[in-house]
Each structure stands twice: as structure tokens, then as C-alpha cells.
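*Asks:* okay, sequence plus prediction incoming.
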Amino acid sequence: MFTSILKRRKFISTTTKGSIALTLGMHLLACNSKLQNMSKVSPISICTWAFERANATAGAALLSGMNSLDAAIAGVTVEEDNIKNTTVGKGGAPDREGNVTLDACVMDHQGNCGAVVCVENYTHVAAIAKKVMTQTPHVMLAASGAEDFAATQGFKTDTLLTESSKREYEKWLQTKEYKPVINIENHDTIGMLCMDNQGNISGACTTSGLSYKMKGRVGDSPIIGAGLFIDNEIGGAAATGMGEEIMKSVGSFLIVELMRNGMSPQDACEEAVMRTIRKNPDYKNFQVAYIAMNKAGETGSYCIHEGFEMMEFKEDANSRIASTFYQKG
């Protein structure tokens, strides 16, 4: 009987070890499969709003082998140069004093970041933000300090107030009514997320801010964690809409953390929007919208009010995607 017990224990031990080995083997196969799938999804570029040319520019740059940060900057630069876009770059709507001021930030796959705020005389603020990141010990430079630094880096000054934006400003002076219209005055910020051939994610965000804002006002766009956040182990997110509300929840950082805890990009964007809705009963009067991408190449977007769109460059196709939305009543 003692011999029988020993044989039974040996059988159980051998069976258990075999089960553990099988489980580990299946886990390793699953991990390898996931890594292989991740390698197939890049390059990808997504951006806020229907900025087709900007996103196509970033996508083409990624396909050529450009790294994710430089591709994102190349993409958003298209809108900084677009004088018909009244809330990004040259041609942006001025503040209440009649001055156009620009804000931007960038963040790379290693967690490095740079930002500039209240820049009056330079168009390409996303590129300047990268220089802050790479050429200074700081993360953010403001106003004349940012402009002095831009000059040392070879950037050329420019007049940001166009004849068109000047005429609109003069019309606004007749009433001086400050009431941003949902999906118009408070929306055209471009936030862009790119994944390159190495599977690395970086981003850029650039804006001229709210039309006819108070002098010195800075919104979420140049604030790391609010307008943009990247964690290359998890993914990235970018925001657009009413910056004051986005800053209150540190929305882009929140989305990345939700993805870290297992949420998809879509579910994370929805939860971030719902945080704002639950805390502010006045949500019907402003827009907040997010885009996100994880390391597997999955993307998502969500907003309060109908009308927000995103662009997605994936598998050589540049698609315009209408975001799902909350908007009740």
C-alpha cells in the first residue's frame, strides 16, 4: 500500500508539472502572438477634427521611416500654416486686445516633453516646443522668453493676424460678446498621435486658443497631461474643446491611466468625458472631446456633443471618422 501511495504522488507531481509547463507555453505563445500583431499595426496617425491634409502628411512621413515625434510635428505644422483655420497658427483669432497668441506642446516615446505658451510672433510653435524639449533643461517657456529662445534657434518671425482675422475681430468689437459656440470657436485645436515603424508613440498639440480670450489666457493644449499625454508602454491621448474643463480632470493623462488599467481607447475616452459631465451640470454649453491610441494600434474617440470628428491614417488609408457622443436632451 505504501508503494501505491508513492506511485500516486509521483503521478500527481508529474501531471502538475506538465500542466504548469503547458500553461506557461500557451502564455508565451499568446505573448509572442500579441507582439507580432503589435508589429503589424504601425505606422498609424490620428488627429482631432477632419484635418485630412495634416493627417495624410504625418502618415506619409511615417511611411517614409520618420520617427513618431517628427511625423506628428510635420502633420500639425500643416494647420499652423493654414490661414483658414482660425484657431491654430497663423490666422488664428486674436485675444480681446487684438493680439494672436499661440500655445503648443510635444511629447515623445521616452517621456520627454516641451511646451510654449503665449507666443505672439512665431507660427511654428510645435517645432519650437520640440526645441525647448531638446535644447533646454526646461519643459515650458512663456511669452517673450519663448520668443527670445525661438530666435536663438533660427525661427523666423511672422505676423499672425491676417486681414481676415482682423476683420472678424473688428466685428466682434462692436458687441464684445464672449460666448464660444460649440464646435466652432472652441474646437479647431489640432492634437495628433503617431506610431512609427518601431512601434513608438509620440504626439503634438498646437492652438491659438479660444477666440477673443482674455489676455494671457492659456488653455489645456500646451499642458502635458491635459491637452496631450504619452506613455509608450501604454499609449497616448489628446484633447480638444473647452480647455478649462479638460484641465480640471487632466483628461489626456486620465485616459492613458484608464488604458493602463485595462480599458480600450474607446472606453477610456468615454469615461474621461463622463467625468466632466458628472462634475459639471453646465456641460450642455461647451464641448470636450478626446482621441486615444494604445500600443496595439487600437484607437478611439468620444465627445460631449455631436459634430466632433477624427482622422485616422492606417494601412495606407486616411479615414475620416465621426465620433460617438453623449449629448442628452
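*Replies:* That came through, no problem.
*Asks:* C-alpha only now, for contacts and for neighbours.
*Replies:* Will do.
*Asks:* what count of nearby residues applies to Thr189?
*Replies:* Thr189 has 30 neighbours, counted by other C-alpha atoms under 10 Å.
*Asks:* how close does it sit to Leu210?
*Replies:* Distance check for Thr189 against Leu210: by C-alpha to C-alpha, to the nearest Å, it reads 9 Å.
*Asks:* one more: Glu163?
*Replies:* Note on Glu163: its distance to Leu210, by C-alpha to C-alpha, is 19 Å.
*Asks:* these two - which one has more neighbours?
*Replies:* A count of neighbours by other C-alpha under 10 Å puts Leu210 above the other of Glu163 and Leu210, at 28 against 10.
*Asks:* is that one in a helix, a strand, or coil?
*Replies:* Following DSSP: H, G, I helix; E, B strand; the rest coil, we place Leu210 in the coil state.
*Asks:* surely it touches Thr86?
*Replies:* No. Leu210 is not in contact with Thr86 according to C-alpha atoms under 8 Å; the separation is 9.7 Å.
*Asks:* what sits in contact with each of those two?
*Replies:* Applying C-alpha atoms under 8 Å, 6 or more residues apart in numbering, one finds that Leu210 and Thr86 are jointly contacted by Ala93.
*Asks:* any stretches of the chain with poor pLDDT?
*Replies:* 1-41, 179-188, 329 (pLDDT under 70).
*Asks:* ok, back up a step: which residues do Thr189 and Leu210 both contact?
*Replies:* Here Thr189 and Leu210 have Thr87 as joint contacts, going by C-alpha under 8 Å, 6+ apart.
*Asks:* just the strands in the stretch 1-150 of the chain please.
*Replies:* For the stretch 1-150 of the chain, strands defined by DSSP state E, counting those that start in this stretch occupy the ranges 44-48, 102-107, 113-119, 140-142.
*Asks:* in its sheet, which strands sit next to the last one, and in what direction?
*Replies:* In other words, strand 140-142. strand 113-119 (parallel) (DSSP bridges).
*Asks:* can you list contacts of the strand it pairs with?
*Replies:* Strand 113-119 is contacted from outside by 101-107, 125-126, 128-134, 138-144, 146-147, 216-218, 222-224, using C-alpha under 8 Å, 6+ apart.
*Asks:* find the residue at the geometric middle of this protein.
*Replies:* What sits nearest the mean C-alpha location of the chain, by C-alpha atoms, centre = their mean, is Ala238, with 2.3 Å.
*Asks:* how many residues are close by the residue lying closest to Val139 once chain neighbours are set aside?
*Replies:* Distance criterion C-alpha to C-alpha, 6 or more residues apart in numbering; nearest residue to Val139, sequence neighbours excluded, is Gly114 at 4.5 Å. Using other C-alpha under 10 Å, Gly114 has 29 other residues around it.
*Asks:* again, but for Ile190
*Replies:* Neighbour count for Ile190, taken as other C-alpha under 10 Å: 29.
*Asks:* show me the contacts for it.
*Replies:* Contact analysis of Ile190 by C-alpha under 8 Å, 6+ apart lists Cys47, Thr48, Trp49, Val76, Glu79, Val88, Cys205, Thr206, Thr207, Thr240.
*Asks:* since we're on the first one, how many residues are nearby?
*Replies:* Pointing back at Cys47 there. Using other C-alpha under 10 Å, Cys47 has 34 neighbouring residues.
*Asks:* any idea what it is bridged to?
*Replies:* The partner list for Cys47 in beta bridges (DSSP bridges) reads Met192, Met311.
*Asks:* what's near enough to touch it?
*Replies:* Applying C-alpha under 8 Å, 6+ apart, we find Cys47 in contact with Asn55, Ile190, Gly191, Met192, Leu193, Ile291, Met310, Met311, Glu312.
*Asks:* quick one, helices of the stretch 201-329 of the chain?
*Replies:* In the stretch 201-329 of the chain, the helices defined using DSSP state H, counting those that start in this stretch lie at 243-249, 251-260, 265-279.
*Asks:* most packed of these?
*Replies:* helix 251-260 (a mean of 24; mean count of other C-alpha atoms under 10 Å).
*Asks:* now the angle between helix 265-279 and that one, please.
*Replies:* 130 degrees (axes from the mean of the first three to the mean of the last three C-alpha atoms, to 10 degrees).
*Asks:* elements contacting helix 251-260?
*Replies:* If you count contacts as 3 or more C-alpha pairs under 8 Å, 6 or more residues apart in numbering; DSSP states H and E, helix 251-260 packs onto strand 228-231, strand 235-241, helix 265-279, strand 288-294.
*Asks:* repeat that with 7 Å
*Replies:* Contacts defined by 3 or more C-alpha pairs under 7 Å, 6 or more residues apart in numbering; DSSP states H and E place helix 251-260 against strand 228-231, strand 235-241, helix 265-279.
*Asks:* need these in a markdown table with distance to Val119, can you?
*Replies:* Listed next are the helices and strands packed on helix 251-260 as a markdown table, based on distance: least, C-alpha to C-alpha, whole Å:
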| stretch | distance to Val119 |
| --- | --- |
| strand 228-231 | 19 |
| strand 235-241 | 19 |
| helix 265-279 | 29 |
